[in-house]
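Asker: Here is the input, now give the coordinates:
(one chain, ligands or ions: 1)
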Amino acid sequence: MSQGQTLPPGFFADTEIADGGDHLRLHLNENPYGPPPGAIDAVHDESTHHLNRYPDADCRQLRETLAAYFGVTPDMVAVGNGTDELVLVTSLTFLREPGTSVVTTATTFPGYMMSAASVGRAPVTVPLDGVGLPVEELAERIGAGADLTFLCNPLNPTGALLDRASVTRLLDAAESGGGVVVFDEAYIDFAGPTHEFALEAVRAGRRALVMRTFSKAWGLASVRMGVVIGPADLIARVSATAGALPFNVNRHAQRAVLQALEQPEYLDRVRTENARVRELLCKSLDVLGLTYAPSASNFVMVDVPPPGDSARFAARLAADHRIFVRALDALGMPGRLRISVGTEAEVERLATALGAMLDGPGTL
Ligand SMILES: Cc1ncc(COP(=O)(O)O)c(C=O)c1O
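Answerer: Sure thing, here's the model as predicted:
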């Protein structure tokens with residue numbers, strides 16, 4: 001995606017693909033194991049008893065529980081209708097003044113670009129360093145006073161992860177430049193708690209915003225729940241903007257997430273199983289002779305074999321095998337696919353389909 005562009009028409013059309021049938025959804029990095037135990041009952045209970053009632057606009061109990069879970073105070077937590085909404089609200093908050101600047105990487109989650117565009121800004125985009133975040137160049141731009149910077153860690157779509165030294169370098173730059181740096185950690189639960197350097201830093205009083213979602217490892221994409229954690233003064237500014245949407249986090253989402261947070265071991269199980277199946281996926285790709293980037297997440301970025309037309313390859317996989325994967329042309333990585341890890345059975349089905357495509361007649 002180049003500066004200021006939005007996604008091509010129909011980009012999210014395949015979100016509608018029915019769950020039932022025999023389609024395989026490996027294009028949205030969803031959790032294939034379903035929500036944590038009890039979450040469905042909690043949502044059902046809300047529907048049965050409170051569908052006519054507004055939710056708690058302040059999300060008080062939820063923010064207190066999230067604060068305890070993340071090891072911060074409730075005034076350091078804001079919630080939104082998915083991280084998508086928080087990215088937009090953050091852009092509205094910190095890019096309001098004329099002439100404010102926003103930085104992100106050339107290849108990343110498109111929501112940053114779209115949110116910036118909706119407040120009239122075209123991000124400066126820094127090319128990746130191979131498949132990783134270009135830490136030095138980003139730090140220079142942040143240190144030079146970028147007002148808002150969006151960093152995706154682990155990086156969608158490559159799966160690369162920042163180490164402690166890189167996070168510290170970026171935080172130092174943010175504090176000297178005076179702008180706001182957002183670490184979007186939508187996928188960090190798959191990497192595990194030993195990689196939570198940005199959250200650790202915020203807990204220790206450093207100035208950054210950390211975003212988390214319940215859509216990925218927590219298996220609650222449908223209810224829409226995103227979280228932003230940061231210094232109380234920055235969170236107060238984000239919350240003031242979000243005040244225009246007082247009931248943005250619905251009752252079902254609040255109840256489901258409270259239920260989920262009672263079971264942190266669920267996340268451990270998902271992380272372990274995802275890592276195991278990701279390894280199986282990578283082994284299958286090795287056997288097929290396909291190259292890919294090492295991933296800390298629940299997706300793997302795969303190179304399409306020559307002629308490297310990823311959009312065509314993805315379209316054939318969908319048409320011939322009913323398997324949906326993300327062609328990365330629109331995310332700035334033509335010739336590559338992003339494939340969600342899925343379950344072991346899903347990996348087997350995918351490997352069989354890829355094998356048939358690679359062996360079969362016709363242009364890839
Ligand atoms: C990096 C990243 N950030 C944010 C989101 C949005 O997540 P949510 O479902 O919380 O809006 C996604 C969704 O795929 C994502 O990949």
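
Asker: near the ligand, which residues of the stretch 51-200 of the chain?
Answerer: 82-84, 109, 111, 152, 156, 184, 186 (Cβ under 6 Å from any ligand atom). Bear in mind the C-beta positions are built from the backbone N, C-alpha and C, glycine included.

Asker: Out of the residues you listed, which is nearest to Ala217?
Answerer: Using Cβ to Cβ, Ala186 comes nearest to Ala217 of these, at 9.2 Å.

Asker: Verify the stated contact: that closest one with Asn156.
Answerer: Yes. Contact criterion Cβ atoms under 8 Å: Ala186 and Asn156 qualify, at 7.1 Å.

Asker: show me what contacts Val210?
Answerer: 182-183, 185, 198-199, 202, 228-230 (Cβ atoms under 8 Å, 6 or more residues apart in numbering).

Asker: Run through the stretch 151-300 of the chain and note the low-pLDDT ranges.
Answerer: The model of the stretch 151-300 of the chain has no residue with pLDDT under 70.

Asker: Quick one: the helices in it, in order.
Answerer: Counting by DSSP state H, counting those that start in this stretch, the stretch 151-300 of the chain has these helices, from start to end: 164-177, 188-191, 197-203, 232-242, 251-261, 264-288.

Asker: Gly360: neighbour count?
Answerer: 10 (other Cβ atoms under 10 Å).

Asker: which residues does Asp303 bridge with?
Answerer: Arg336 (DSSP bridges).

Asker: what residues are up against it?
Answerer: Neighbouring residues of Asp303 by Cβ under 8 Å, 6+ apart: 290-292, 335-336.

Asker: What subset of those residues is buried?
Answerer: For these, a burial check counting by 16 or more other Cβ atoms under 10 Å picks out 290, 292, 335-336.

Asker: between those residues, which is nearest the ligand?
Answerer: The ligand lies nearest to Arg336 out of the buried ones among the contacts of Asp303, by Cβ to the nearest ligand atom, at 15.6 Å.

Asker: so what's the residue in the stretch 51-200 of the chain that the ligand sits nearest to closest to, chain neighbours aside?
Answerer: Proximity of the stretch 51-200 of the chain to the ligand (Cβ to the nearest ligand atom) peaks at Gly82, 2.7 Å away. Excluding its sequence neighbours, the residue lying closest to Gly82 (Cβ to Cβ, 6 or more residues apart in numbering) is Arg224, at 4.2 Å.

Asker: Distance of that neighbour relative to Arg336?
Answerer: Applying Cβ to Cβ, to the nearest Å, the value for Arg224 to Arg336 is 28 Å.

Asker: Leu95 now?
Answerer: Counting by Cβ to Cβ, the gap from Leu95 to Arg336 is 30 Å.

Asker: export the buried ones among the contacts of Asp303 to CSV and tack on distance to Pro36?
Answerer: Shown next, in CSV, are those (distance: Cβ to Cβ, whole Å):
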residue, distance to Pro36
Leu290, 33
Tyr292, 30
Gly335, 37
Arg336, 32
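
Asker: Quick check: which of those are also close to the ligand?
Answerer: When Cβ under 6 Å from any ligand atom is applied, no member of the buried ones among the contacts of Asp303 is adjacent to the ligand.

Asker: Name the nearest of the residues you listed relative to Asp163.
Answerer: For the buried ones among the contacts of Asp303, the residue nearest Asp163 by Cβ to Cβ is Tyr292; the value is 20.7 Å.

Asker: hang on, that closest one packs against Ser284?
Answerer: No. Using Cβ under 8 Å, Tyr292 is not in contact with Ser284, being 10.4 Å away.

Asker: And Glu279, how far from Leu24?
Answerer: Glu279 is 19 Å from Leu24, by Cβ to Cβ.
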